[in-house]
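K.L.:
Sequence plus predicted model, see below.
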Amino acid sequence: MRTHKRKVWPLFLADGVVAVLALFVFDGVAGGVLSMLALLGVLGTSIYALAGEDVNDGAGGIAGGTGW
């Protein structure tokens, strides 16, 4: 259940633009640094998008829903 309404697609779009720049425009160390920043940006955006969400432990999954 979504408890917060967030628009995160602009952040993911910005991460994608940085990744494309790192792959096709910059070369060498600059491309590597930008690639690392793009990866960290995707991780940070993902954490931000999921922050505050309700955890539904009874949803099942590989552990059977209880984790035991």
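P.N.:
Here it is on my side, so go on.

K.L.:
centroid residue for the protein?
P.N.:
Ser46 (2.8 Å; Cα atoms, centre = their mean).

K.L.:
what does the helix or strand containing it rub up against?
P.N.:
Ser46 is located in helix 29-50, with elements delineated by DSSP states H and E. Residues from elsewhere that reach helix 29-50 (Cβ atoms under 8 Å, 6 or more residues apart in numbering): 6, 8, 11-12, 14-16, 18-19, 21-23, 25-26. Placement of C-beta: from N, CA and C, glycine included.

K.L.:
Swap in 10 Å and give it another go.
P.N.:
4, 6-26 (Cβ atoms under 10 Å, 6 or more residues apart in numbering).

K.L.:
rewinding a little: against Leu39, how distant is the residue nearest to the centre of the chain?
P.N.:
11 Å (Cβ to Cβ, to the nearest Å).

K.L.:
List only buried entries from the contacts of helix 29-50.
P.N.:
Leu11, Asp15, Val18, Ala19, Ala22 (16 or more other Cβ atoms under 10 Å).

K.L.:
Not including adjacent chain positions, what is the nearest residue to Arg6?
P.N.:
Sequence neighbours aside, Ala49 is the residue nearest to Arg6 in space, at 6.3 Å (criterion: Cβ to Cβ, 6 or more residues apart in numbering).

K.L.:
now the one you found: how far from Leu43?
P.N.:
In terms of Cβ to Cβ, Ala49 sits 11 Å off from Leu43.
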